[in-house]
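J.: Would you be able to build a 3D model of this:
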Amino acid sequence: MLCFDIRTLEARAESVDGRLDAGDPVWEADDSRPVEPGVHVTGRLSSAGHDRFYFSGRFEGTAVAECRRCLNEAIVQVSEDVQLIFAESGSDEAEEDDVVLIPAGERELDLRSAVREEWLLAVPAFALCREECRGLCPSCGADRNTGECTCPPPSDPRWDVLRTLR
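T.: Numbers count the residues shown, from 1 in each chain. This is a model prediction of the structure:
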């Protein structure tokens with residue numbers, strides 16, 4: 001469960017232990033989504049003053065990314081410690097950049113969109129399918145992990161003068 005009653009939060013802190021599923025409507029089309037069972041979110045959500053709330057926790061999950069060397073699928077583990085401040089829009093704290101806004105008059109605090117943003121920042125932009133990935137041939141584009149290509153070795157014409165000095 002990642003949605004909490006604001007009135008309850010004003011009275012006491014709540015433990016967070018929930019999942020953000022890969023099929024949740026909070027994800028957008030181009031997002032780097034987690035694989036099932038989704039992003040596991042744990043932590044504590046508490047009041048931080050009038051119309052302000054503080055979340056301190058962690059999320060963990062697995063994402064599918066594109067290997068930066070061979071362009072094949074790469075499975076990456078993603079985990080991150082998170083601290084978030086939520087404030088009602090229109091309050092003084094709402095002007096700060098790192099504050100997550102809660103619409104005025106809202107009765108429920110939904111962590112899903114904030115967790116989505118933190119997830120997208122935590123997924124590595126340059127993933128590797130494995131450390132020893134050999135990548136693609138720069139000439140023909142063959143996957144060098146599956147075997148050698150038939151391209152001749154690259155030749156730099158600047159070295160031709162040295163080859164004639166025998």
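
J.: Now do the longest helix seen in the chain: which elements does it pack against?
T.: In the chain, with assignment by DSSP state H, the single longest helix is helix 112-122. Counting by 3 or more Cβ pairs under 8 Å, 6 or more residues apart in numbering; DSSP states H and E, the packing neighbours recorded for helix 112-122 are strand 14-20, strand 39-47, strand 52-66, strand 73-88. In this view, the C-beta of every residue, glycine as well, is placed from N, C-alpha and C.

J.: Mean pLDDT and distance to Arg7 added to these, as JSON lines?
T.: Written out in JSON lines, the entries for these read as follows (pLDDT from 0 to 100; distance: least, Cβ to Cβ, whole Å):
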{"stretch": "strand 14-20", "mean pLDDT": "93", "distance to Arg7": "12"}
{"stretch": "strand 39-47", "mean pLDDT": "94", "distance to Arg7": "11"}
{"stretch": "strand 52-66", "mean pLDDT": "93", "distance to Arg7": "12"}
{"stretch": "strand 73-88", "mean pLDDT": "92", "distance to Arg7": "13"}
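
J.: what ranges of the protein fall below the confidence cut-off?
T.: 91-97, 166 (pLDDT under 70).

J.: between the longest helix of the chain and strand 52-66, how big is the angle?
T.: 50 degrees (axes from the mean of the first three to the mean of the last three Cα atoms, to 10 degrees).

J.: And the contacts of helix 112-122?
T.: Contacts to helix 112-122, defined as Cβ atoms under 8 Å, 6 or more residues apart in numbering, come from residues 2-3, 20, 24, 26-27, 31-32, 34, 39, 41, 55, 59, 61, 78-80, 82, 84, 86, 100.

J.: Summarise which helices and strands the helix or strand following it is packed against.
T.: Toward the C-terminus, helix 112-122 is succeeded by helix 160-163 as the next helix or strand (DSSP states H and E). Taking 3+ Cβ pairs under 8 Å, 6+ apart as contact, there are no helices or strands that helix 160-163 lies on.

J.: How far away from the center of its chain is helix 160-163?
T.: With Cα atoms, centre = their mean, to the nearest Å as the basis, the distance from the averaged C-alpha position of helix 160-163 to the chain average is 50 Å.

J.: Dump the C-alpha coordinates for it into PDB.
T.: Once non-C-alpha atoms are left out, helix 160-163 reads as follows in PDB (Å, rounded to 0.1, in the frame of the first residue of the first chain):
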ATOM      1  CA  ASP A 160      51.500   3.700 -43.500                       C
ATOM      2  CA  VAL A 161      54.800   5.600 -43.600                       C
ATOM      3  CA  LEU A 162      56.200   3.600 -40.700                       C
ATOM      4  CA  ARG A 163      55.300   0.300 -42.500                       C
END
